[in-house]
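> Predicted coordinates and the sequence they were generated for:
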Amino acid sequence: MNWESIVESLGLFTIGSMSIAGIIIYFSKRIFENQISILTSEHQYRFSTLYTEKLSVFRETYKRLVKAEKSLEYLLRPAKFAGKKSKKEISNEAYNYMISLFDHYDENEIFFDNSSVKLIEQLREKFTEAWGAHWQADFMEEARGTQAWLETIENKTEIYKKVMENEIPSLKEMLKKDFQKRFRLIETIK
């Protein structure tokens with residue numbers, strides 16, 4: 001046996017094996033990088049679309065909250081300005097805005113985290129309380145002038161002051177800050 005030919009054959013085998021391994025590694029690396037690039041693009045698309053959709057849902061929820069609050073506040077306000085709408089139209093409008101808000105929220109609850117859900121559920125309780133006071137006073141309108149009617153009107157006024165002037169605006173502000181923080185709409189939120 002010629003050691004020189006064995007070493008030469010071993011060297012050629014080693015160089016060939018290393019070259020083939022290098023080529024395999026190179027192509028594997030390129031395929032892996034390509035797969036990562038595809039996954040990254042899909043991930044970015046998915047989350048940018050999801051982010052945009054979430055922002056749209058939160059914006060629409062807040063917009064409906066403002067409309068519901070304003071209409072219910074006007075409905076319960078003790079002193080009203082003469083307007084073009086009847087009491088029944090104002091009542092229906094407030095009810096429809098309130099239902100629209102909570103239907104929209106219920107349909108999109110999946111987008112909200114626990115802190116937002118908690119605030120919105122508290123808002124639902126307050127809107128229900130305020131609507132109940134209005135409904136009771138409206139129902140008692142036939143008994144105008146009685147002690148029961150007077151107590152109902154006083155209760156409606158108390159709820160207006162407690163719920164519409166304090167609690168709903170406070171919860172709305174907390175929800176607004178929660179949305180702004182989540183979407184980094186205002187960077188200076190404390």
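Looks like it arrived, so ask away.
> Give me the longest helix you can find in the protein.
As assigned by DSSP state H, the longest helix anywhere in the chain is helix 3-76.
> what separates it from the chain centre, distance-wise?
Distance of helix 3-76 from its chain centroid, counting by CA atoms, centre = their mean, to the nearest Å, is 26 Å.
> which ones are touching the residue nearest the centre of the chain?
Nearest residue to the geometric centre of the chain (CA atoms, centre = their mean): F58, 3.7 Å. With contact set as CB atoms under 8 Å, 6 or more residues apart in numbering, F58 has these partners: 111, 179, 182-183. Where C-beta positions appear, they are placed from N, C-alpha and C, glycine not excepted.
> same thing but 6 Å
Contact analysis of F58 by CB atoms under 6 Å, 6 or more residues apart in numbering lists F179.
> okay, it: pLDDT?
On the pLDDT scale, F58 is placed at 92.
> And it, how far from Y97?
Using CB to CB, to the nearest Å, F58 is found at 18 Å from Y97.
> which stretches of this protein have low pLDDT?
For the chain, the stretches with pLDDT under 70 are 1, 6-7, 10-13, 41-43, 45-47, 82, 187-190.
> how about 50 then?
Across the chain, the ranges flagged by pLDDT under 50 are 189-190.
> what's the closest non-adjacent residue to E167?
K126 (5.1 Å; CB to CB, 6 or more residues apart in numbering).
> and what of K54?
F111 (5.0 Å).
> In this model V57 seems to touch that neighbour, though I could be wrong.
Yes. At 4.9 Å, F111 counts as touching V57 under the criterion of CB atoms under 6 Å.
> After the one helix or strand I159 maps to, which helix or strand is next?
I159 belongs to helix 147-159 when assigned by DSSP states H and E. Per DSSP H and E, the first helix or strand lying C-terminal to helix 147-159 is helix 168-182.
> Could you give me the buried positions within that following helix?
In terms of neighbour count (16 or more other CB atoms under 10 Å), helix 168-182 has its buried residues at 168, 171-172, 174-176, 178-180.
> What of stretch 109-118?
With burial defined by 16+ other CB under 10 Å, the residues of stretch 109-118 counted as buried are 111-112, 116.
> try stretch 135-150
For stretch 135-150, burial by neighbour count (16+ other CB under 10 Å) applies to 137, 140, 149.
> ok, residues contacting that stretch?
Residues contacting stretch 135-150 (CB under 6 Å, 6+ apart): 152-153, 156.
> from the residues you listed, which is closest to S86?
Of all those, K156 has the smallest distance to S86: 18.6 Å, by CB to CB.
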